[in-house]
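Enquirer: sequence unknown, structure follows:
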């Protein structure tokens with residue numbers, strides 16, 4: 001019976017390892033590296049909040065790497081620091097609200113990219129409009145008008161994307177698509 005339980009434990013550990021590996025591979029969507037994805041998986045399956053030393057031991061990596069990784073996971077709102085009476089070291093546990101974690105990660109990644117793209121599109125539009133006023137050749141005028149159409153389309157897209165991001169920022173997304 002004891003051997004059977006050890007076999008189940010080994011299979012459970014292997015299943016967790018495979019799941020953590022898959023999580024790690026897909027963490028790029030959250031702006032998180034594979035290594036930090038494995039760190040997240042380790043913290044996720046821990047029976048209790050973990051210290052940096054616990055993480056370092058579990059993953060066989062330096063405490064400095066764990067500190068850098070846990071900071072990235074906190075910025076992505078995937079883990080949180082917790083306090084436990086009698087424990088002097090910082091403890092970390094996964095954020096239980098995966099829906100909010102996703103929303104935060106989505107907003108953080110897309111807001112900066114959308115803002116940068118929108119700024120570049122506005123500048124391009126301004127430049128193209130200036131060039132159009134100065135252009136004399138019909139071919140060049142046609143090219144500029146075509147390019148301005150593309151820029152205006154891009155600006156419309158970025159306005160739409162701003163609205164999508166706002167829906168996530170406000171939490172409205174959870175009314176539209178309720179968590180399961």
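Expert: Cool, the structure landed. Fair warning: this is a prediction, and the values are worked out from it, not measured in the lab. Residues are numbered from 1 along each chain as shown.

Enquirer: secondary structure class for residue 80?
Expert: strand (DSSP: H, G, I helix; E, B strand; the rest coil).

Enquirer: List the contacts of it.
Expert: Applying CB atoms under 8 Å, 6 or more residues apart in numbering to residue 80 gives the contacts 74, 92-95. (C-beta placed from N, C-alpha, C; glycine too.)

Enquirer: likewise residue 72?
Expert: Residue 72 is in contact with 32-33, 36, counting by CB under 8 Å, 6+ apart.

Enquirer: If any of those are buried, put those into a ChimeraX selection.
Expert: One line in ChimeraX is enough to select the buried members of the contacts of residue 72, burial here meaning 16 or more other CB atoms under 10 Å:
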select :32,36
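
Enquirer: can the contacts of residue 72 go into CSV with extra columns for distance to residue 81?
Expert: Shown next, in CSV, are the contacts of residue 72 (distance: CB to CB, whole Å):
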residue, distance to residue 81
32, 17
33, 20
36, 16
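
Enquirer: which one among the contacts of residue 72 gets closest to residue 78?
Expert: residue 32 (7.3 Å; CB to CB).

Enquirer: just for the chain, where's the confidence low?
Expert: Low-confidence segments of the chain (pLDDT under 70): 1.

Enquirer: Please, where are all the helices along it?
Expert: Along the chain, the segments classed as helices by DSSP state H run 2-26, 34-45, 52-59, 63-75, 98-134, 138-170, 173-176.

Enquirer: right, so the ones you listed: which one is the most enclosed?
Expert: helix 34-45 (a mean of 21; mean count of other CB atoms under 10 Å).

Enquirer: mind checking how far it is from the chain centre?
Expert: 14 Å (CA atoms, centre = their mean, to the nearest Å).

Enquirer: which secondary structure elements does it contact?
Expert: helix 2-26, helix 52-59, helix 63-75, strand 91-94 (3 or more CB pairs under 8 Å, 6 or more residues apart in numbering; DSSP states H and E).

Enquirer: mind checking which of these is nearest residue 101?
Expert: strand 91-94 (8.6 Å).
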